[in-house]
Structures are given as C-alpha cells and as structure tokens.
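S.K.: only geometry, no sequence info:
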C-alpha cells in the first residue's frame, strides 16, 4: 500500500495525537494506579508526575483561540499608540499664552486642531477604499511609521524655536492624513477574527484603547509640558513608530492558510482541507456608493458626526477648560482630564453589553444620548463648585458621551460591514468603517473649531453647542432605531468596482 507525503504526515500527526492523549489519560488516572501498585511502581510515580494546572489551562485552548487573543491584544496596543500621539496638543496648549502669542491665540489653536481633523476626515474616505486593496499589515505599518515622523516633527518645532503657524499646520495636516490608516485597518482585522455572537462586549472592551491612549498621552505630555513641551510630542512619536515595527513583525490580519496549514496543537488536521485556493469568482472590494446603499450606514454616519463632535471637543479643550474653572496648572489639569476617558472606558463596555443583551444597537445609543445632554449641562454647572463635583461629573459625562461613540465605531460598523446580504463579501468592512468614521471625523473637526470661536464669548456657549449636537445625534438615531437589527433585503445593493 502506497501513501502520499501528505497522508504520511496525517498518519504521523494522528499517532502523535494518540500517544499524547494516552499520556494525558495516564496522568489523570495515575493517582489511582499508584495506590493499587505502590510496592511495584514507585519509580513510575517519580517520572510521570501529574500535569500542572497552569499547563492544563494553557493547553485547553487551541491555536485559533491563541491567535484570536494575540490579535485582540496587539490591535489594542496599536490603536492605543495612535490616540496616545494625538493627545499632547490638548495638554501643551494649556501652557499658552507665551510672549510671542497674539491675543487671538485661542482661534489659532483651534485652527491647528481643525487642520488635523479636517485632513483626517477627508483622508478617511480614501483610506478605507485603499485599505481594501492593500495588505493590512503593510498599510498599517507605513501609516504608523509616518505618523511617528510627523508627531516628532511637531515637537522639534520647540527644540529649533520655530514660531511659524504654517509649519505646524502643515505637520498637522500631514499627520491627519497618515493617521487615517489606523482605524479601518484595526477594525477590519478585529472583525475578521471575531464573529457577531458577542461582538458588542468584545469590541466594547477592545475599544477602550481610545481612552487608554488618551490617558497615557495626557500623562506623558503632562510630565514634560512644564520643562520641555517638545518632548511631549517626540516621546509619543517614537512610541507609535516603534509600534509600527511591531505591527510589521507580528500582525496577522486573517487566519491565513500559512497558519492553518501548520500542524495544530493536539488536533489532527488534513492538510488538503485547509489550503485556501483563490477563486476567480472571489468578490471584488465594494465601491463607495455600494457601501452607502447598505441600510444604516448613512444614519449611523450622521449620528457619529454629532457624537464625535462632542467627544473631540472634550478631547482637545477639556484641559484648558479645567485650568480656567478650577484654576489648576497644566499638569494637574491634564491629569484630571483623564477621568473623562476613564468614564469613557466604562461607558463603551456598558454600551456593548447592553446592545448584546437587547439586540438593538440603535436603541442603546439613543438612551445614552438622551441622558448625555442634561449631563453636559450639569457638568457646566457643577464644575464651578469645586474639585469633588467636577471629578464625579467628568466620569459620568465620559461614559455617556463616549458610550455611543464607541459602539458605533466598532460593533455597529462591523455589523454593517459584514451584513449577511453582502453574501460573504468580507472586503466591504474597511470601506464601511471608513465611511462611518470619516463622517464622524467631520464632526470631530467642526467641534474643536467652534469651541475655539465660542469660548471667546464664554464657556456657556460651548456647552450649549455640545448639548445641541447630542440632541441632533439622538434625533438621527431614533429615526432608525426601529429598523436596525432586522433582516433587510439588499437586492438593490450592487457591489460595484470603484
């Protein structure tokens, strides 16, 4: 009887599996065996000790579960570094005004925020389309390395005593464009590895990278802001560039045939059944207009526009607001502002859990948005009564503001990008994610700009703007809350070439 090399490999693997199972069963029954034969088999008790519980726990997971956990942790750290590099400007501008700064420095700082966020919003629409057609690992690596470069360039402006507004706006625009590589890539990657079963909880936990990055960015920038604010940018720039190298070396964007073809741990896998053969009928990447036709994409994009307007206004202006109302220095204001992100972590996880339980993402968003508007007004009033009320309201506002934002950018985007009506075309996820987040980034660009203009009239005007934005987000969400989650026929949706 003749066997092929692949069949011999399978036979060897199965024999190895049988031996391994036999040894493992022996370990489990060994205690009983040694009690009955102590006088003849004492030497066996020494050489075949029971398997330690820690090893049994580790071997209880198959290779696929290990790669899922690894991808979850790695993408978490990758996008943490993105937000870590965005936060320093909100801390550094608290040190203003300096001698060379004109009287309208608030408007100029708002223009720098706007230049970054406007470039980010425009670039995001293109980034998702490009990301569908390039290897995610390489695309994300290039984006992280160039983002590290431009973040460091901003800090070098202090070291080389550059006072040109044009220089800083150029760096902000360039950085905003290259940072668009991050979000579509990591969401596509995490969506490829995790199904819809508990997507709300998983992505709620995973999306805390946004708040963790903001917290770390605040702490790093706050440490250097009083002595050398250039390092507040250079250190985060080095960190995101280093994470780009790690991305290149370790990121697995899909359970590829290379991994599945290897011998699995404790499992006999026929090699012939796991090799992926590229078919000529493989679906093409979805077009921009095709993605817009998916029910829910436009509605949730508009909802995110208003929700992200509120979130990013807090991101860029909260430390300055705290210094003016609580009369704290730049470092303490930066540290205190991290409580908003701590609340955001809890809010994102809570939104994910509730949406999984209820099965209604839109309803969950609507409830949190309904509570957020009066809470923002309460924060503007309570922050004048001392540090204690400010801390409490920061935590509550962070949860209610960032909860819907986190849910829409993760679980909702992944659900829409992998809708069953797309008939397995997984190449729609990056484009859908980019459309939703890109539209949200328009709000993120407008919010800080309006805050810079309105703060000159008083902070009350800023909070009225934020409450109005939350109300509009609620209005858009309620228009769709009865439809999301239902089975929708998309026969009219055509997957077109871009």
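M.R.: Structure received. Small disclaimer: the values here were computed from a predicted structure and weren't measured.
S.K.: Below-threshold pLDDT in the stretch 351-498 of the chain: ranges please.
M.R.: 418-428, 480-498 (pLDDT under 70).
S.K.: And the helices in it?
M.R.: 361-382, 387-407, 413-417, 429-454, 459-480 (DSSP state H, counting those that start in this stretch).
S.K.: what does the stretch 201-350 of the chain give?
M.R.: 209-224, 231-250, 257-260, 288-292, 297-326, 330-358.
S.K.: Would you tell me which of the helices of the stretch 351-498 of the chain gets closest to residue 163?
M.R.: Each of the helices of the stretch 351-498 of the chain has some distance to residue 163 by CB to CB; the shortest is helix 429-454, at 19.4 Å. Any C-beta I mention is one placed from the backbone N, CA and C, and that applies to glycine too.
S.K.: Which other helices and strands does that closest one contact?
M.R.: helix 105-131, helix 182-193, helix 288-292, helix 297-326, helix 413-417, helix 459-480 (3 or more CB pairs under 8 Å, 6 or more residues apart in numbering; DSSP states H and E).
S.K.: Just want the angle from the first one to helix 182-193.
M.R.: Regarding helix 105-131 and helix 182-193, their directions subtend 40 degrees when assessed with axes from the mean of the first three to the mean of the last three CA atoms, to 10 degrees.
S.K.: Can you give me the buried ones in helix 105-131?
M.R.: 106, 108-125, 127-131 (16 or more other CB atoms under 10 Å).
S.K.: Nearest spatial neighbour of residue 406, chain-adjacent residues omitted?
M.R.: residue 348 (3.4 Å; CB to CB, 6 or more residues apart in numbering).
S.K.: Let me know how buried that neighbour is, in neighbour terms.
M.R.: 31 (other CB atoms under 10 Å).
S.K.: For residue 204, see how far away it is.
M.R.: 5 Å (CB to CB, to the nearest Å).
S.K.: what's the answer for residue 81, then?
M.R.: In this structure, residue 81 and residue 204 are 20 Å apart, going by CB to CB.
S.K.: Kindly report the same for residue 142.
M.R.: Counting by CB to CB - residue 142 and residue 204 are separated by 29 Å.
S.K.: okay, the two: which has more neighbours?
M.R.: residue 204 (27 against 16).
S.K.: Would you confirm that that one contacts residue 409?
M.R.: No: applying CB atoms under 8 Å as the test, residue 204 and residue 409 come out as separate, 11.1 Å apart.
S.K.: need the contact list for residue 77.
M.R.: 209, 243, 246 (CB atoms under 8 Å, 6 or more residues apart in numbering).
S.K.: Quickly find the element holding it.
M.R.: helix 63-86 (DSSP states H and E).
S.K.: Show me what the mean pLDDT comes to for that helix.
M.R.: For helix 63-86, the mean pLDDT works out to 91.
S.K.: Tell me which residues of that helix come out buried.
M.R.: So helix 63-86, judged by 16+ other CB under 10 Å, has buried residues 63, 68, 71-72, 74-76, 78-86.
S.K.: for those, which one is nearest residue 158?
M.R.: residue 85 (15.9 Å).
S.K.: any idea how far that closest one is from residue 357?
M.R.: 35 Å.
S.K.: can you check residue 446 too?
M.R.: 34 Å.
S.K.: Of those two, give the one with the bigger neighbour count.
M.R.: residue 446 (22 against 11).
S.K.: What residues does the more buried one make contact with?
M.R.: Applying CB under 8 Å, 6+ apart, the residues contacting residue 446 are 114, 309.
S.K.: Next: residue 439.
M.R.: Applying CB under 8 Å, 6+ apart, the residues near residue 439 are 121, 301-302, 304-305.
S.K.: again, only this time at 6 Å
M.R.: 301, 305 (CB atoms under 6 Å, 6 or more residues apart in numbering).
S.K.: What sits closest to residue 445 if chain neighbours are left out?
M.R.: Nearest one to residue 445, counting by CB to CB, 6+ apart, is residue 117 at 3.4 Å.
S.K.: swap in residue 442?
M.R.: Residue 442's closest residue in space is residue 121 (CB to CB, 6+ apart), at 4.7 Å.
S.K.: And the pLDDT at that neighbour?
M.R.: 88.
S.K.: I'd assumed residue 440 was in contact with it.
M.R.: No: using CB atoms under 6 Å, residue 121 makes no contact with residue 440, being 8.2 Å away.
S.K.: now the residue positioned nearest the centre of the chain: how far from residue 164?
M.R.: For the chain, the residue nearest the mean C-alpha position is residue 207 (4.6 Å; CA atoms, centre = their mean). Applying CB to CB, the value for residue 207 to residue 164 is 37 Å.
S.K.: Residue 462 against residue 452, yeah?
M.R.: No: here residue 462 does not reach residue 452: they are 9.3 Å apart, not a contact under CB under 6 Å.
S.K.: Which of these two has more residues huddled nearby?
M.R.: Higher neighbour count among residue 462 and residue 452: residue 452, with 25 against 22, using other CB under 10 Å.
S.K.: And residue 228, its phi and psi?
M.R.: Per-residue torsions, residue 228: phi -160, psi 90 (degrees, to the nearest 10).
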